Every structure is written in C-alpha cells, then in structure tokens.
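**Q** Fold the stuff below for me.
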Amino acid sequence: MIPLDPHFIAQTTPTGEAIARAVEAGWPLGPVAHCVLLRRGFNQVYELHFASGLHAIARLSAERPRGDPNIAYETALLTHLRAHGIPVAAPLPAADGSFSVVLALPEGPRALLLFDFLPGDPPGESLVDIEATGRGLAQLHGAAQSYAGPESHYTLDLPLLLDASLQRMLTAPTVDAALAREFTALAEDLRSRFADPPSLTRVHCHGDCHGSNNFMADSPDNPEGAERSRVAAFFDFDDAGPGLLAYELSVYLWVLLPRSHETPATAAVMERWHRYLTGYTGVRAIHAADLAAIAPCLALRQFWVMGEYAGRIPVWGTQAMPTHWLRKQPALMRAWMDLPPADPLAAQEPAKAATSPASATAAAVA
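**A** Numbers count the residues shown, from 1 in each chain. As a prediction, this is how the structure comes out:
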C-alpha cells in the first residue's frame, strides 16, 4: 500500500452519515434521522431529516478558485433579507452561535453550514413563475439596500469576473497558445466596453440567479377566489456579493440563450426573458445604461464560468473544459457582446413599465 500525502488530495466527499454526525455535534437540533448527498458541484450539498421533523440543507463549502467562502457576508445578508420579509433559505445557527462549523478533512479544513429547506420546484418554462422570479429578485434587491452587515470578500465586477478568470484559464492544460491569444484579445475588447461606462447600478447580487436557484410556491396572501399569485424563494447565495445589476440580470438570459452563435434564440426563449424583465420592472426600474450593459455581461458570465472550471480541474478534470469546446467560445461570446441594445422602454418608472408590453423587451437575438 502506497500512502498519499493528504496535501495532494483535491477534494473528498463525506458520506451522508458523516455529515449527519457532524451536524449532530455542531447544531443543537437533536438526532438526524436521515442524511443524503444531493449534489456535488462547486460545493457538496446534503439533505437532512431530523427526528424532530425539521427538514434542512447542509452545504460543505469547497475550496473555490476565488478564495475562502464568503460566510460572514452571506449569512448576514440572508438573515437581513429574511427579517425584511424576503423568502430565502436562511442559515441555522450552530451551537456556538455562529453559522458554520469547521470539518477537518484530508485536504484541509472546510466549513459546513446548515440552511432552511425550501419546498417547491424551479420556475421552469412557466411564464407566470418566470415573471414572479423577476419580481422576487427586484424585491430582494430593494430589501438589501439597507443591509449594513459584514462586508463581502468579493465584488461582482471586472477584476473578479474577467481578470481573475482569464488568468486561471491561461494556466489550464486545455488552453493552447492560439486559444490564449484569442481569449486575451477577447478580454481586452470586453474590458474596453466598460472602460468609460455610464454610471451603472450596483446592488447586492444573488450572483447565480439562473432559474434553478429559486423555488416557486403559491403566495400565502392569495385572496379567496382570486387568480393565484406566485412567490419565488431564493437559495444558494454562495456567489452573492455587491456588484453590477446588469451582470445579475444577465445570468438568466445567459442560461436561456443557445450555445451556438449560429442558432438564434426561439420566440419562446425570448418571451421567457421578456417576462422575467416584466416581473423585475414591475418593482424596480432598470436604467437604459444597465440594460445596454447586459449584452457584454453575458460574455463576462461566460468568462467567469470558464475561470471556475479552470480552477476546478484538480477536482473535475481537464475534460470539464476540453479544447474542442473552448474553440467554440470566442465566436459565441462575441456574438453575445454584439447583441442589439435593450429596449429603453424597460427603463421607465416601475408602475409604467409594468403596464407596457414593450417594457420587457431586452436584448434581441441577431
């Protein structure tokens, strides 16, 4: 048997039983009846059922390319949002009053957090639910304006989304010299779009609001006999931080658009995007400059994703971002950057924007 140096272990995956024991030791919530791994992505996420009937989610924070988890900011922001009536998966305090415990694993210490379990399903293709998601995000941004807790370690702006991502990509084994030149030139072009920008709106961003990090439910305030109102409850704030509203909004469009610059978005896809913005502008106005910045922010988002993948190669492997896939990205990202500006009608006052069908018109496909 050949022993391995634990310093060269990239990431271990504890079993549900191991997490159950850690939660029982770290939180005053009683015995865990069942714990199972839900998914392994940037972090490892577990579902727990307690003997008391409590249902919760545990997140074992992984080593991220950006650095340490943003726990103080994330948990304080969630607590603030919950106190202001925003449906979110709030953190559950550990026995010592903090919101995390540290597990000693072969690769080093990792933070474990516990959150409320949110019932429901993602909005999917339901236009009613998509509009409610946009509305809920606007309400979240509004409530977060008064946040005065710990500062975020990270800001969702060019240094994090573009510069750091590019540097990680250039070290990836699957990025050859030609690709390195192409991505570097693309980054310079993208940076120039923001070199002398108009004043762009900044908010406390969720950071990853792509339609699968919120669940939908009927509003508890629905009047009897009236058409039901839907409410979005948000979770997974691991990438939250202060940043550009244009980037925050671009994430949902980014997930909707085809992954080929030769394939136009369908009318159904664009209707979902329109309804998303209709929901948002029914609560908060989006200024014309922010709408115009959504298209280049699509490329920012793609740079950030590729940078995350490059930083996770020791865990996910090189084929998470193979060379043949990377060669397709510059043309796609340039096509996104050159999408026509969004319709300025969406920058009207919320009350007007909400009543105008054109108010939701945003970046059209070429």
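
**Q** ok, the nearest residue to residue 17 once chain neighbours are set aside to residue 12 distance?
**A** Across the structure, with C-beta to C-beta, 6 or more residues apart in numbering as the measure, the residue nearest residue 17 apart from its sequence neighbours is residue 35 (6.8 Å). Every residue, glycine included, has its C-beta placed from N, CA and C. With distances taken as C-beta to C-beta, to the nearest Å, residue 35 is found 16 Å from residue 12.

**Q** more neighbours, these two?
**A** For residue 35 versus residue 12, the count of surrounding residues by other C-beta atoms under 10 Å is larger for residue 35: 23 against 14.

**Q** Check the secondary structure at that one for me.
**A** Remark: residue 35 carries the secondary structure label strand [criterion: DSSP: H, G, I helix; E, B strand; the rest coil].

**Q** same question, residue 251
**A** Using three-state DSSP, the three-state assignment for residue 251 comes out as helix.

**Q** Surely the residue nearest to residue 17 touches residue 19?
**A** Yes. Proximity of residue 35 to residue 19 meets the contact threshold set by C-beta atoms under 8 Å, at 5.3 Å.

**Q** Now the strand or helix carrying residue 298: average pLDDT?
**A** Using DSSP states H and E, residue 298 sits within helix 294-311. Mean pLDDT, helix 294-311: 96.

**Q** Tell me where the model's unsure across the stretch 101-250 of the chain.
**A** Screening the stretch 101-250 of the chain residue by residue with the criterion pLDDT under 70, one finds the ranges 197, 222-228.

**Q** quick one, helices of it?
**A** Listed in chain order, the helices found in the stretch 101-250 of the chain under DSSP state H, counting those that start in this stretch are 127-144, 158, 165-170, 177-193, 245-256.

**Q** can I get those helices in CSV with mean neighbour count?
**A** Formatted as CSV, the entries for the helices of the stretch 101-250 of the chain read as follows, by neighbours: other C-beta atoms under 10 Å:
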stretch, mean neighbour count
helix 127-144, 22
helix 158, 20
helix 165-170, 20
helix 177-193, 15
helix 245-256, 23
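
**Q** Looking at those helices, which is nearest to residue 108?
**A** Nearest of the helices of the stretch 101-250 of the chain to residue 108, taken as C-beta to C-beta: helix 165-170 at 19.7 Å.

**Q** Packing partners of the closest one?
**A** Contact analysis of helix 165-170 by 3 or more C-beta pairs under 8 Å, 6 or more residues apart in numbering; DSSP states H and E lists helix 177-193, helix 294-311 as its packing neighbours.

**Q** what's it in contact with?
**A** The contact list for helix 165-170, computed with C-beta atoms under 8 Å, 6 or more residues apart in numbering, reads 65, 175, 180, 183-184, 187, 303-304, 306-308, 310-311.

**Q** so how far is residue 317 from residue 303?
**A** The value you get for residue 303 to residue 317, if C-beta to C-beta is used, is 21 Å.

**Q** for residue 119, same thing?
**A** Taken as C-beta to C-beta, the spacing of residue 119 relative to residue 317 amounts to 35 Å.

**Q** and if you look at residue 177?
**A** For residue 177, the distance to residue 317 (C-beta to C-beta) stands at 22 Å.

**Q** OK, contacts around the residue nearest the centre of the chain?
**A** The structure's the chain has its C-alpha centroid closest to residue 208; by C-alpha atoms, centre = their mean the separation is 1.0 Å. The contact partners of residue 208, taken as C-beta under 8 Å, 6+ apart, are 236, 238-239, 251.

**Q** now residue 127
**A** Under the contact definition (C-beta under 8 Å, 6+ apart), the residues listed for residue 127 are 271-272, 275.

**Q** if you set the cut-off to 10 Å instead, what comes out?
**A** For residue 127, the residues meeting the contact criterion (C-beta atoms under 10 Å, 6 or more residues apart in numbering) are 268, 271-272, 274-276, 278-279.

**Q** Can you select the buried ones from the residues you listed in ChimeraX?
**A** Those of those that meet the burial criterion (16 or more other C-beta atoms under 10 Å) are gathered into one ChimeraX selection, given here:
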select :272,274,275,276,278,279
